[in-house]
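[1] fold the following and give me the result.
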Amino acid sequence: MSTPKPLTGDDSIKTWLADPVGGPILRDLLAQSGQDADVLRPVQRLALKRLIKLSKGQFSQELVDELVVRVAAGEVPPATAGAPVAAAAEASGADPDAADAAEAAPEVERPEWVERIDQGRFSGKTVIVTGAGSGIGRATASRVAREGGRVIAVDVSQERLDDFAGEHAGADVVTLVADITDDAKVAEIVAAAGDRIDGLANIAGIMDDMTPIGDLTDAVWKRVFSVNVDGTMKLMRAVVPAMLAQGDGSIVNTASEAALRGSAAGVAYTASKHAVVGLTKSTAFMYGPNGLRVNAVAPGPTITNIEATFASPLGAQRVRQAMALLPDAAEAEALAASITFLLSDDGVNVNGVVLASDGGWSAA
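    Model prediction:
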């Protein structure tokens, strides 16, 4: 009988949770902070070491090294010592009753997706990216910059923009703190881009509080629409003249799974993202003959800094029920791959499309 391969930081979180030693150790660590293994479900396919970056300092390299040492020593926490493998399998999303079958035919670990840079894909192009300080916006701005483009990186946080620029020293990056709902700031963004604007990635957006219409407040409705719809529209409107003048341009808006279904968010966010689809399709139809391509990406579960809050018990109950079919969360770089495809000349024959980049959620 072969000796099991020792766990390392390169093994997936799912593998750790299913391990008879690693699982109890990891769950014990979560329990100490008042959490359980369910919190890791969206990222279970990622390597354990990826939590170092995703946790923003809460999960350190030293902690990963400590966990590896504890597993190697067979150190099972007393509170969970002897916990059945079935429990670990259940926590990781596997079928506990299939433990014996799994031993005979172990599940194949899916390899992690690795970003592949296409050198020069955006050479000579100027691309405006909103929400560039974090999450999908940051990943998109980063990819455009690393593929040779000039990036106008827009965010509401100077600190996040400074951090982004610091990570891309030597790249052609212009940072601008701006609220996209402010007409004067929108004018500043266009001025910073200059005479030629080749692409616009409208990524900045906010979530609602998951309320159904019976619990919706005017404040939430107005705030969500102001950013997600008005801000998106204002920037689209502002860049169209330059794109028409040059006879070329690509706009990518950020819709959402909430633009394709009614069960992904509250009514304000859902309606706002449906509106983004309308903006996308109408503009694609109107300006397609003039050389403009306008598309949208509809992300599924994605690891970003946009946090969902539940202000309504009914909203929480209904949305959480719908989340039962949720695929694993993608990293922001995976969404940036979809967005930059549409922004670039690789998307030459794609116009007026809403691309569901959701791990198959929309197919469920």
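
[2] all helices for the stretch 101-250 of the chain, in order.
    In the stretch 101-250 of the chain, the helices defined using DSSP state H, counting those that start in this stretch lie at 135-146, 158-167, 183-193, 218-225, 232-246.

[3] same for the longest one, what does it pack against?
    Going back to what we said before, that points to helix 232-246. Packing partners of helix 232-246 (3 or more CB pairs under 8 Å, 6 or more residues apart in numbering; DSSP states H and E): strand 126-130, helix 183-193, strand 199-202, strand 249-254, helix 267-287, strand 292-299. Heads up, the C-betas are built off the backbone N, CA and C, glycines and all.

[4] which elements pack onto the second one?
    Same thing as helix 183-193. Counting by 3+ CB pairs under 8 Å, 6+ apart, helix 183-193 packs on strand 126-130, strand 150-155, strand 173-177, helix 232-246.

[5] listing partners with orientation, what would you give for the third one?
    If you go by DSSP bridges, strand 173-177 pairs up with strand 150-155 (parallel).

[6] distance between the partner strand and the chain's centre?
    18 Å (CA atoms, centre = their mean, to the nearest Å).

[7] what is the orientation angle of that strand with helix 158-167?
    Strand 150-155 runs at 150 degrees relative to helix 158-167, counting by axes from the mean of the first three to the mean of the last three CA atoms, to 10 degrees.

[8] contacting residues around strand 150-155?
    125-134, 137, 141, 144-145, 161, 164-165, 171-178, 180, 189, 192-193, 204 (CB atoms under 8 Å, 6 or more residues apart in numbering).

[9] do you know which of the helices and strands packed on helix 232-246 lies nearest Thr232?
    strand 199-202 (4.7 Å; CB to CB).

[10] parallel or antiparallel, which strands does that closest one pair with?
    strand 126-130 (parallel), strand 249-254 (parallel).

[11] next, format those strands as CSV and append mean neighbour count and mean pLDDT.
    Formatted as CSV, the strands paired with strand 199-202 follow (neighbours: other CB atoms under 10 Å; pLDDT from 0 to 100):
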stretch, mean neighbour count, mean pLDDT
strand 126-130, 28, 98
strand 249-254, 27, 98
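
[12] just send those back as a markdown table, with distance to Ile117 too.
    Formatted as a markdown table, these follow (distance: least, CB to CB, whole Å):
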| stretch | distance to Ile117 |
| --- | --- |
| strand 126-130 | 15 |
| strand 249-254 | 19 |
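
[13] of all the ones you listed, which one is nearest Leu292?
    Of those, nearest to Leu292 by CB to CB is strand 249-254, at 4.9 Å.

[14] quick one: that closest one to chain centroid distance?
    Taking the mean of its C-alpha atoms, strand 249-254 sits 17 Å from the chain's own mean (CA atoms, centre = their mean).

[15] give me the contact list for that strand.
    136, 197-203, 205, 232, 236, 239-240, 242-243, 276, 279-280, 283, 291-297, 299, 339, 342-344, 347.

[16] that concludes my questions; thank you for your assistance.
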